[in-house]
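Novice: Compute the structure for the input listed below.
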Amino acid sequence: MSRSSALRYYVFSRLLMAPLMLWLITTIVFLLLRATPGDPVDALLGPRAPQAVKDELRNQLGLGKPLFFQYLDYMGSLLRFDLGKSLTTQGQSVWEIIGKFFPATVELTMVSLAIALVVGVTVGAISASRPNTAIDAGGRLFGIITYSIPMFWFGMVLQLVFAVGLKWFPLGTRFPVTISAPENVTGLYTIDSLLGGNLNQFFITLYYLALPSITLGVLISGIFERIVRVNLRQTLQAEYVEAARARGIPESKILINHALKNAMIPVITILGLTLAALLGGAILTEVTFSWPGLANRLYRAISQRDYPTVQGIVIFFAAIVAIASIAIDIINAYIDPRIRY
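Specialist: Numbers count the residues shown, from 1 in each chain. Next up is the predicted model:
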């Protein structure tokens, strides 16, 4: 089988597996929500509401049906790309909730990913270029610490130091309520403020974005540091690197132009998994910093027993991770011709 045929077969098989994965996630979330203690009707009306009123509302929401028929109704809605309506926001559709809150999560995730790449690749490259030294040990320690520190704890520490103590950054939220937010074009305040030509709004957005994105980015950077360090050390021992040294090429050029380029291939591969980690970490970060993103909205929906909103947001996140994983695999296959599927 030729390389192009093998790649097409691999992509096709992954595309077939994606719906199966989403179905499994949907089923698991559906069952877990209904297996955990608590009733969405009690969350809406309170535990002291008359039983007749509760039963009427339960029937209106379709929660009075047997579990199997609830599942069939929900799967039928998903086949029509209908994620349902929220139980707690007066019938607002889940798609409307996603459209309202997702841009804030995208902005936080992208800035955090950029910080993670810059910090992780830089620390990993410096550590690998000086093996068995104090710098190398420091780089390894950095990777272990950032990978293991709890997200919420690190965020609260940064809040206490830089927001409460030094007062360098705001304690939370996305934009001050006393100033008009950028006009909603893309939902991304950094881009919308630039499109509107308002640099003041742009710098305010970065100011409020700094602390939560640093929290998320620094902790995720440990993943990239460890991958870059290991692969770069192996690459620096390759024959073509030794040949470059024999030709008298400076070590800095060998590191940047020869070794680092090939060592970055596994980093590209891991981007899909890192996206999943970022989306998961965004929940804790958004809650800690009161960031009005989709992950924070998911947390609220879980606490309010809002079944459709929880299911819809989880499926939406799962679809993003599946698509990103397939895209990364295809990009990586074209970058590295040695890969065979």
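
Novice: any idea of the mean pLDDT in the helix or strand containing residue 5?
Specialist: Using DSSP states H and E, residue 5 falls within helix 3-35. For helix 3-35, mean pLDDT rounds to 79.

Novice: starting at the chain centroid, how far to it?
Specialist: Distance of helix 3-35 from its chain centroid, counting by C-alpha atoms, centre = their mean, to the nearest Å, is 19 Å.

Novice: What of stretch 49-64?
Specialist: Relative to the chain's own centre, stretch 49-64 is displaced by 37 Å; criterion: C-alpha atoms, centre = their mean.

Novice: One more: stretch 91-109?
Specialist: With C-alpha atoms, centre = their mean, you get 14 Å for stretch 91-109.

Novice: average model confidence for that stretch?
Specialist: On average, stretch 91-109 scores 89.

Novice: Going by neighbour count, list what's buried in that stretch.
Specialist: Judged by neighbour count (16 or more other C-beta atoms under 10 Å), stretch 91-109 contains these buried residues: 93-94, 97-98, 101-109. Quick note: C-beta positions are derived from backbone N, CA and C, even for glycine.

Novice: so which of the residues you listed comes closest to residue 123?
Specialist: Ranked by distance to residue 123 (C-beta to C-beta), these are led by residue 109 at 20.9 Å.

Novice: Skipping adjacent residues, who's closest to that closest one in space?
Specialist: residue 278 (5.0 Å; C-beta to C-beta, 6 or more residues apart in numbering).

Novice: and the one you found, how many neighbours does it have?
Specialist: By other C-beta atoms under 10 Å, the residues close to residue 278 number 24.

Novice: max-length helix in this protein?
Specialist: What stands out as the longest helix in the chain, according to DSSP state H, is helix 199-236.

Novice: Now do that helix: distance to the chain's middle.
Specialist: That offset, for helix 199-236, works out to 13 Å (C-alpha atoms, centre = their mean).

Novice: which other helices and strands contact the next helix or strand after it?
Specialist: Using DSSP H and E, the helix or strand that follows helix 199-236 in sequence is helix 239-246. Here helix 239-246 touches no other helix or strand, going by 3 or more C-beta pairs under 8 Å, 6 or more residues apart in numbering; DSSP states H and E.

Novice: can I have helix 239-246 written out in CSV, keeping just the CAs?
Specialist: Provided in CSV are the C-alpha atoms of helix 239-246 (Å, rounded to 0.1, in the frame of the first residue of the first chain):
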residue,chain,number,x,y,z
GLU,A,239,24.9,11.7,12.9
TYR,A,240,23.8,14.7,10.9
VAL,A,241,24.2,16.9,13.9
GLU,A,242,27.8,15.5,14.4
ALA,A,243,28.4,16.2,10.7
ALA,A,244,27.3,19.8,11.1
ARG,A,245,29.6,20.2,14.1
ALA,A,246,32.5,18.7,12.0
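
Novice: SS state for residue 109?
Specialist: The three-state assignment at residue 109 reads helix, by DSSP: H, G, I helix; E, B strand; the rest coil.

Novice: Could you give the average pLDDT over stretch 201-209?
Specialist: 92.

Novice: coming back round to it: state the distance from the residue nearest to residue 109 to residue 68.
Specialist: 36 Å (C-beta to C-beta, to the nearest Å).

Novice: again, but for residue 300
Specialist: Noted for residue 300: a distance of 29 Å to residue 68, by C-beta to C-beta.

Novice: Looking at these two, which one has more neighbours?
Specialist: More crowded of residue 300 and residue 68, by other C-beta under 10 Å: residue 300, with 15 against 8.
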